[in-house]
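[1] turn this into a structure:
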Amino acid sequence: MNRADEELYTLVLNKECTGRKNLALGMYVHVPFCSTTCDFCAFYQEKPSKKGMDSYFGGLRKELKRFPPSQPISTIFIGGGTPGLLKPEQLDELCSLISSFDLLPDTEWSIELAPSEITPEKLEVLRNGGVNRISLGVQTFHPKFMDALGRQHPVEKTFQAYQWIRQAGFDSVNLDLLFGAPGQSLTDWEDDLAQAVALAPDHLSTYCLTFEEDTAMFVRLSQGKVKIDPEREAEFYEFAWDYLPRYGYEQYEVSNYARPGHACRHNLNTWAMNEWIGYGPSACTQYQGIRRKNIANLEEWAEGMHSGNQPKFMEEEPLSSSDFAQDAVLFGLRMNQGISLPQIAGQFDLSLKQFSAMAKFLDCLVSEGLANQLSSGNYSLTKQGRILCDAIACDLPDLLPAS
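    Take a look at the predicted model:
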């Protein structure tokens, strides 16, 4: 423990804005239905059926009543699954259930939609219901890679869906793109980015293909039909980092780019270790010092929401201040702006011992060329550090000693 750490920590203690006060509150609603399963997807999902839909809405009404937000909601994200599979009247009911709570006037309200499930009627229902941000699951504009990923919609449907979204007048539109598909070249990736930029969305998310267990893609990997190539993945990352800012899309996180004023506030809230409540089977919650995950079974989840029953959770654990702090560093380092260690220490009440351990870890990243020290106590990852951010995150658990 050095004198510089002690002096910086003293400044933390002297700041007035310490502790977790007035946290922004997000809401996540999971719609678990999918007509088909993409080869890379490991999210919990169910085939749509009348019985399943009835169970879902019955359980959701009970869960919203049983676990209501205790303060106004600042961001909402409806994900899946494929929320667009819901019929217009079901989307209307979903929006009505959500808007019955206290929403801030400038609430960001997002929904994930697949191109094949979009209709002008559904978009009108969502717009009138309060949704103001659409995240469109494009993945790729190349039919051959669409097939390789197990995506079902024709590429032409993407352009039609995007046109309808713009005509409906949503405030912000994101396009999800995926790179690293088997056989995809850097030229193919450049073409995907060029076509995305030509559509002029407000936000772009670019994700590397991952091989999750219990997916068709993982089976192919285990059979040797596809392989992981970290050097190739790094090339895809770096190309997007250089390419998209030239067209007005500033990178604010390893995988996310936005025009001014269009960064995803729901994700920013999550990455800052603020609070959110998750509703629906398999949804995650971080609220009032507890992190939990709903059971990934539609019928069991719905049954557990009945009055008098004890809800079943797949995971439930209380979080300490050091848990929050470590996650704030982990996700904060993925942000281009980096982190302020004094701010994190003040927000999560770190001891001097814990503060010094974190500072030592970050200084090691600087000495290894993986991070920059922007000013006293402020750090951001270098380009090489951002490429290795997942590996860096693996070194964070159990970093902080007991207070």
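[2] contacts and neighbour counts: CA atoms only from here.
    Will do.
[3] give me the pLDDT for the residue nearest the centre of the chain.
    In the chain, the centroid-proximal residue (Cα atoms, centre = their mean) is residue 267; its distance is 5.3 Å. The score at residue 267 is 96. That number is its pLDDT.
[4] would you mind measuring from it to residue 155?
    27 Å (Cα to Cα, to the nearest Å).
[5] and the one helix or strand residue 327 maps to, which residues are buried?
    Per DSSP states H and E, residue 327 falls inside helix 321-332. Buried positions in helix 321-332, judged by neighbour count with 16 or more other Cα atoms under 10 Å: 321-322, 324-332.
[6] show the average pLDDT along the helix or strand following that helix.
    Scanning forward in sequence from helix 321-332 by DSSP H and E, the next helix or strand is strand 339-340. In this model, strand 339-340 has a mean pLDDT of 94.
[7] what packs against strand 339-340?
    Secondary-structure packing of strand 339-340 (3 or more Cα pairs under 8 Å, 6 or more residues apart in numbering; DSSP states H and E): strand 378-381.
[8] contact partners of the strand it packs on?
    By Cα atoms under 8 Å, 6 or more residues apart in numbering, the surrounding residues in contact with strand 378-381 are 333-342, 362, 370-374.
[9] what does stretch 52-62 give?
    97, 279-280, 298-299, 301-303, 305-307.
[10] could you list the low-pLDDT ranges of the stretch 251-400 of the chain?
    396-400 (pLDDT under 70).
[11] quick one: the helices in it?
    Listed from the start of the chain, the stretch 251-400 of the chain has helices (DSSP state H, counting those that start in this stretch) covering 265-271, 298-304, 321-332, 341-347, 352-367, 383-387, 389-394.
[12] turn those into CSV, columns for distance to residue 129.
    Below are the helices of the stretch 251-400 of the chain laid out as CSV (distance: least, Cα to Cα, whole Å):
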stretch, distance to residue 129
helix 265-271, 18
helix 298-304, 24
helix 321-332, 32
helix 341-347, 36
helix 352-367, 45
helix 383-387, 38
helix 389-394, 38
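[13] so for residue 245, which of those sits nearest?
    The minimum distance between residue 245 and the helices of the stretch 251-400 of the chain falls on helix 383-387, with 14.7 Å, by Cα to Cα.
[14] correct me, but residue 83 touches residue 112?
    Yes - if you go by Cα atoms under 8 Å, residue 83 and residue 112 touch, sitting 6.6 Å apart.
[15] out of the helices of the stretch 251-400 of the chain, nearest to residue 127?
    If you check each of the helices of the stretch 251-400 of the chain against residue 127 by Cα to Cα, helix 265-271 wins as the nearest, at 18.3 Å.
[16] and the gap between the residue nearest to the centre of the chain and residue 126?
    For residue 267, the distance to residue 126 - Cα to Cα - is 21 Å.
[17] what do you get for residue 382?
    For residue 382, the distance to residue 126 - Cα to Cα - is 40 Å.
[18] with residue 231 instead?
    42 Å.
[19] could you do residue 209 as well?
    On the measure of Cα to Cα, residue 209 and residue 126 end up 30 Å apart.
[20] neighbour count winner among those two?
    Just comparing residue 209 and residue 126: by other Cα atoms under 10 Å the higher neighbour count belongs to residue 126, 24 against 19.
[21] just the CA trace of the helix or strand where the more buried one lies, in PDB.
    Using DSSP H and E, residue 126 maps to helix 120-129. The C-alpha coordinates for helix 120-129 follow below in PDB (Å, rounded to 0.1, in the frame of the first residue of the first chain):
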ATOM      1  CA  PRO A 120     -46.900  -2.000 -39.800                       C
ATOM      2  CA  GLU A 121     -49.800  -2.900 -37.500                       C
ATOM      3  CA  LYS A 122     -47.500  -4.200 -34.800                       C
ATOM      4  CA  LEU A 123     -45.200  -1.200 -35.100                       C
ATOM      5  CA  GLU A 124     -48.200   1.100 -34.700                       C
ATOM      6  CA  VAL A 125     -49.300  -0.700 -31.500                       C
ATOM      7  CA  LEU A 126     -45.800  -0.400 -30.100                       C
ATOM      8  CA  ARG A 127     -45.400   3.200 -30.900                       C
ATOM      9  CA  ASN A 128     -48.800   4.100 -29.400                       C
ATOM     10  CA  GLY A 129     -48.000   1.900 -26.400                       C
END
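[22] many thanks, I have nothing further to ask.
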